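Engineer: here's a sequence, model it:
(one chain, ligands or ions: 2)
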Amino acid sequence: MGKNNKRKRTAAIPAQPAKLPTPPSDSPSSTTLIESEDLECTINVLETLCEFPDELSEKEMKVLKRKVHELYRVMADGSGLGNSLTSKISTALSDYRFTDALIYLFEMYTRKLHPKLGALQRWVRECDATSGADGSPGDLEALKCLDMILRIANMSHTSDVSDERKVLGTKGSLNDKKIGGGGGGMDDNDVVRRKQVWKARENTQGEIRIWEKIKNGTLFDTPPTLPFPNFLPVHHVRAAERKPPNLYDSTVYGSSPGAISLLETSQRTKPSKVDVPGVPGAFVVLDVFTPEECLQIVKAAEAIGWEKDEAAGGSAINKTSILAKNFVWLSDSSFLDHFYSSILPFVPATAPLSVDGNGGGKVRGINARFRVYQYTENQLYRPHIDGAWPAAGLDPTTGEYLHDSSPPEDPLWSRYTLLVYLNGEGDIPKDTGCTTFFLPSDRIGLMEATSVRPIQGAVLCFPHGDTTGSLLHEGSAVGSGGVKYVIRTDLLYEAKGFGQFKPPASVGVKQGGKEEEGIGG
Ligand SMILES: O=C(O)CCC(=O)C(=O)O
Ligand SMILES: [Fe+2]
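Structural biologist: Numbering: from 1, shown residues only. Ligands and ions are numbered 1, 2, ... in the order given. Down below sits the predicted model:
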């Protein structure tokens, strides 16, 4: 609470000086974070509201009510801020005390407490801390923590285990083997049960092997001209100024309509939807883009250049969670219109409800900010839960790049991840480079992994952000000699009930969404 705003409403507030606790500033109980004047003012406001509850119906009270609700949640969570179960779990995980963390997590699970998405995302990253560079797990306790986190996050377990494959081996990567237990078939010590890699379509005829063309030097008929036609840099942030700081600069390239020439509707295969079996809320829309259109996108990225992405600080896992290089593309209206109209018949018309009961806004479009990833051999995107994003765009008057371009009176936020596979079968070795979902099974301590095989021009869609259906997933490592190209963007919904600017639990994005890049995908 800012000092300038203090006591603005004093005329309407009965004076209650005798009741106000005002700890002296040198009191051992005083906190360094909250000044005594601010504390006094806050108590004053709360007491007034208790006495005159009608005031709560005023519009400007909305934010306050939300904050009080959050405070109540923290207080109900246990023994105060510092000692809350959430922070105990965070500390145990970052200290690699996975057995302690598991005990606290179990307590949280049995008490049916729901941490915020930001905490869940952090925990997921920490749990992966012991994995090897190739994604092979080192600590089974960490994976058990991951299982418990999924259960706390209320991710419904799957009953469809008919196509389950009992994978053998004692140790392996998340990408190709069972994890945990001894040799032989499934046993009580197994932590991950993998299903057969799933393909939305068997027939891959007509796919263009883009990586093959690059290897042969036949991607371009003539060397590309720079600046690449119809693409221009619209935003550049130096490495140290990125939030959080990165080791590499980041550039956003905007395209103009027609940059990617799209096949006429009459000549296209009609898009169709296939649900991912056993992964609630996840589905694939086939034939959104033609192989030729995918090729054009990779050509633009190859000609303009890929950028590396590595956090400058934080734990080792933060630094290495995304090993792919990327090309950030602010897409133009004609490309977006085609993309959106192709998937619209298949996507949920309204946003799923958030953990706190907000949500339900109408679907409105696709985030123009595309992250085009290039994964080479052994590169991966470690298990994570995607965060929600605002609608990026250019200011219509100044042309300035805005991380959050929707007007405050009509805020848009994402609730679904969209992954556009730009290449598939021919370029990515069998059973590798999939998008793999992890779900709790019917047995505590055992997760089920479902891997979705990339199909060129198809879009994988699944819920993300602060909803009960958000899915833990990874971009599994690409096998020997292969390369995978994929676009990550988001499906935007009216942020009804999310407050003026943002949903309550979006991560890493400051109020207004204008400053931070966000964490957790
Ligand atoms: O590459 C993939 O399959 C997954 C990418 C992903 O999870 C993301 O971009 O958030
Ligand atoms: Fe993701």
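Engineer: so what pLDDT did residue 190 get?
Structural biologist: Looking at residue 190, its pLDDT reads 79.
Engineer: name the residues linked to it by a beta bridge.
Structural biologist: Taking DSSP bridges, one finds residue 180 as the beta-bridge partners of residue 190.
Engineer: what does this structure put close to ligand 1?
Structural biologist: The chain has residues 373, 381, 386, 417, 419, 435, 473, 475, 486, 488, 521 near ligand 1, with proximity defined as CB under 6 Å from any ligand atom. In this view, the C-beta of every residue, glycine as well, is placed from N, C-alpha and C.
Engineer: so the fourth one, which state does it fall into?
Structural biologist: I take that to be residue 417. Three-state call for residue 417 (DSSP: H, G, I helix; E, B strand; the rest coil): strand.
Engineer: can you tell me which residues contact it?
Structural biologist: Going by CB atoms under 8 Å, 6 or more residues apart in numbering, residue 417 touches 386, 460, 461, 462, 463, 464, 488, 490, 491, 521.
Engineer: the stretch 151-300 of the chain: helices as residue ranges?
Structural biologist: 210-216, 291-304 (DSSP state H, counting those that start in this stretch).
Engineer: CSV for those, including mean neighbour count and mean pLDDT?
Structural biologist: Listed next are the helices of the stretch 151-300 of the chain as CSV, based on neighbours: other CB atoms under 10 Å; pLDDT from 0 to 100:
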stretch, mean neighbour count, mean pLDDT
helix 210-216, 17, 97
helix 291-304, 20, 98
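Engineer: quick one: low-confidence ranges for the stretch 401-521 of the chain?
Structural biologist: Residue ranges of the stretch 401-521 of the chain with pLDDT under 70: 496-521.
Engineer: at 80 what do you get?
Structural biologist: Applying pLDDT under 80 to the stretch 401-521 of the chain picks out residues 466-468, 496-521.
Engineer: stretch 468-476 close to ligand 2?
Structural biologist: No - on the criterion CB under 5 Å from the ion, stretch 468-476 is out of touch with ligand 2, staying 5.7 Å away.
Engineer: narrow the residues of the chain next to ligand 1 to those in strands?
Structural biologist: Counting by DSSP state E, the residues of the chain next to ligand 1 place 373, 381, 417, 419, 435, 473, 475, 486, 488 in strands.
Engineer: mark which of these are buried, thanks.
Structural biologist: Burial by neighbour count, judged by 16 or more other CB atoms under 10 Å, picks out 373, 381, 417, 419, 435, 473, 475, 486, 488 from these.
Engineer: break down the stretch 251-400 of the chain into its strands, ranges please.
Structural biologist: Listed in chain order, the strands of the stretch 251-400 of the chain (DSSP state E, counting those that start in this stretch) span 272-275, 283-286, 325-330, 363-366, 369-376, 381-385, 393-394.
Engineer: mean pLDDT for these: which is lowest?
Structural biologist: Among these, strand 381-385 scores lowest, with a mean of 86.
Engineer: now stretch 236-247: mean pLDDT?
Structural biologist: Rounded mean pLDDT across stretch 236-247 is 90.
Engineer: what residues of it count as buried?
Structural biologist: Of the residues in stretch 236-247, 242, 246 count as buried by neighbour count, 16+ other CB under 10 Å.
Engineer: now swap in stretch 415-426 and tell me
Structural biologist: 415, 416, 417, 418, 419, 420, 421, 422, 423, 424, 425.
Engineer: you'd agree the fourth one is up against residue 464?
Structural biologist: If I follow you right, that is residue 418. No - at 9.8 Å, residue 418 does not count as touching residue 464 under the criterion of CB atoms under 8 Å.
Engineer: what do these two both touch?
Structural biologist: residue 490.
Engineer: residue 410: neighbouring residues, count only.
Structural biologist: 10 (other CB atoms under 10 Å).
Engineer: can you tell me the closest non-neighbouring residue to it?
Structural biologist: Spatial nearest neighbour of residue 410, chain neighbours left out: residue 494 (7.4 Å); criterion: CB to CB, 6 or more residues apart in numbering.
Engineer: can you check residue 251 too?
Structural biologist: Counting by CB to CB, 6+ apart, the residue nearest residue 251 is residue 236, at 4.8 Å.
Engineer: kindly report the same for residue 294.
Structural biologist: Residue 294's closest residue in space is residue 422 (CB to CB, 6+ apart), at 4.2 Å.
Engineer: pretty sure that neighbour is touching residue 487, no?
Structural biologist: Yes - if you go by CB under 8 Å, residue 422 and residue 487 touch, sitting 6.6 Å apart.
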